[in-house]
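1. sharing a model that was predicted from the sequence below.
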Amino acid sequence: MNKAEIITEAVQKMTETYQVEELFCKKNGHSLPSREKIVDILEELRQAVFPGYFGRDNSGGIQQDYYVGYLLTRVHKQLKEQIEIALLYQEGSQEPERKKQIEAKASVICQSFIRTVPNIQKMLLKDVEAGFNGDPAAKSREEIIVSYPGLLAIYVYRVAHELYLSKVPFIPRIMTEYAHSCTGIDINPGASIGEYFFIDHGTGVVIGETTVIGNNVKLYQGVTLGALSTRSGQQLANVKRHPTIGNNVTIYSNSSVLGGETVIGENTIIAGNTFITASIPPNTKVSNKSPELIIKKPQTVEATSTWEI
């Protein structure tokens, strides 16, 4: 077979799969939300939350209220469209009257979200403060805003969480998985996270859907706040599977805290490489026993020629 015949055969077989596989069939003609447009919404909203830090537009040359108003107007328009698409796809209805109801619902959700943006901004400014106070390597708060992956992941989470609370399908998870792909930090939009939250370094951090985190909590790279087991799959949906972390807790790198009944008391410090599946009382320090190190002195070997070193 030549190249054209091979491609033709592959196209025919794949087309047959498209016709029978439910995942590839549009629900009554409805499409899924656009990942690219959702990322654009996040980028434009970030320019409004931190004006002058991101994007090609410079807010310094125009009156700030007009600049932010312009951005929020664009965000409202694009987000409303994507919420409507997500709701229509989820329901799969083609009835004109139901479509109007969904359009109205999308408008209400979007307006409610825009009202939360000032509060999201205040929360993020507290997160910036937590990052600056918690990292001696930080040279300024501005540095944290423009460069820290932890803050990017927290920003996306705080936006996605509001939409999650409004029961918007698809979009919150698309947002947080975008942040995951950029930063290596996986925060489920369903998690509940308090004020002054800081993730240092960040890569490999996992925060599950039913995790509850208090105020002034600091996590290092590789921390997992996860479930004890997910073998039961969908039977565990809507069940508290992930831990509760109290106020003023620090969890160092590569530690795992697992289980929906696990509660880490306030003012607790958890050392690196620990594995916790039971509750820890407040004002506690938790660590593993240091492993025994075996250090061998290097052997001295005489070279037998000028080429052996």
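-> Nice, thanks for sending it over.
2. chain center to the longest helix belonging to the chain, what's the gap?
-> Using DSSP state H to define each element, the chain has its longest helix at helix 96-134. Offset of helix 96-134 from its chain centre (C-alpha atoms, centre = their mean, to the nearest Å): 15 Å.
3. which helices and strands does that helix pack with?
-> helix 35-49, helix 64-91, helix 141-147, helix 149-165, strand 198-199 (3 or more C-beta pairs under 8 Å, 6 or more residues apart in numbering; DSSP states H and E). (Glycine included, C-beta is placed from N, CA and C.)
4. ok, now with 6 Å
-> On a contact count with 3 or more C-beta pairs under 6 Å, 6 or more residues apart in numbering; DSSP states H and E, helix 96-134 meets helix 64-91, helix 141-147, helix 149-165, strand 198-199.
5. what are the buried residues along that helix?
-> Buried residues in helix 96-134, defined by neighbour count with 16 or more other C-beta atoms under 10 Å: 99, 102, 106, 109-110, 113-114, 116-117, 120-121, 123-124, 126-128, 130-132, 134.
6. any regions of the stretch 1-150 of the chain where pLDDT drops low?
-> Residue ranges of the stretch 1-150 of the chain with pLDDT under 70: 26-29, 56-62.
7. against residue 120, how distant is residue 23?
-> As judged by C-beta to C-beta, to the nearest Å, residue 23 and residue 120 stand 34 Å apart.
8. do residue 143 as well
-> According to C-beta to C-beta, residue 143 stands 21 Å off from residue 120.
9. returning to what we had before: next, the angle helix 35-49 makes with the longest helix of the chain.
-> 50 degrees (axes from the mean of the first three to the mean of the last three C-alpha atoms, to 10 degrees).
10. if we can go back for a sec, nearest to residue 42, out of the helices and strands packed on helix 96-134?
-> With C-beta to C-beta as the measure, helix 149-165 is the member of the helices and strands packed on helix 96-134 nearest residue 42 (6.2 Å).
11. tell me the gap between that closest one and the middle of its chain.
-> Helix 149-165 sits 6 Å away from the centroid of its parent chain (C-alpha atoms, centre = their mean).
12. show me what the helix or strand following it is packed up against.
-> Next along the chain after helix 149-165, taking DSSP states H and E as the criterion, comes helix 171-183. Here helix 171-183 touches helix 35-49, helix 149-165, going by 3+ C-beta pairs under 6 Å, 6+ apart.
13. just to revisit the earlier point, with mean neighbour count and distance to residue 228 added, can I get the helices and strands packed on helix 96-134 in CSV?
-> Listed next are the helices and strands packed on helix 96-134 as CSV, based on neighbours: other C-beta atoms under 10 Å; distance: least, C-beta to C-beta, whole Å:
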stretch, mean neighbour count, distance to residue 228
helix 64-91, 18, 30
helix 141-147, 16, 34
helix 149-165, 23, 23
strand 198-199, 27, 23
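14. can I get the ones you listed in JSON lines including distance to residue 190?
-> Shown next, in JSON lines, are the helices and strands packed on helix 96-134 (distance: least, C-beta to C-beta, whole Å):
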{"stretch": "helix 64-91", "distance to residue 190": "16"}
{"stretch": "helix 141-147", "distance to residue 190": "26"}
{"stretch": "helix 149-165", "distance to residue 190": "5"}
{"stretch": "strand 198-199", "distance to residue 190": "17"}
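15. residue 227 is nearest to which of the ones you listed?
-> helix 149-165 (17.9 Å).
16. any chance of the helices and strands packed on helix 171-183 in CSV, plus distance to residue 205?
-> Output for those, formatted as CSV (distance: least, C-beta to C-beta, whole Å):
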stretch, distance to residue 205
helix 35-49, 19
helix 149-165, 8
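17. nearest to residue 83, out of these?
-> Between residue 83 and the helices and strands packed on helix 171-183, the tightest spacing by C-beta to C-beta is seen for helix 149-165, at 7.7 Å.
18. show me how the record splits the chain into domains.
-> Domain assignment for the chain by automatic domain parsing gives 27-186, 191-288.
19. just put these in a markdown table and tack on distance to residue 294.
-> Formatted as a markdown table, the domains of the chain follow (distance: least, C-beta to C-beta, whole Å):
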| stretch | distance to residue 294 |
| --- | --- |
| domain 27-186 | 32 |
| domain 191-288 | 18 |
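20. quick one: neighbours of residue 177, just the number.
-> Neighbour count for residue 177, taken as other C-beta atoms under 10 Å: 17.
21. just the one 5 residues further on next, same as before
-> Using other C-beta under 10 Å as the criterion, residue 182 is surrounded by 13 other residues.
22. could you do the one 5 residues further on as well?
-> Neighbourhood size, residue 187 [other C-beta under 10 Å]: 29.
23. what's the spacing between it and residue 126?
-> Taken as C-beta to C-beta, the span from residue 187 to residue 126 is 17 Å.
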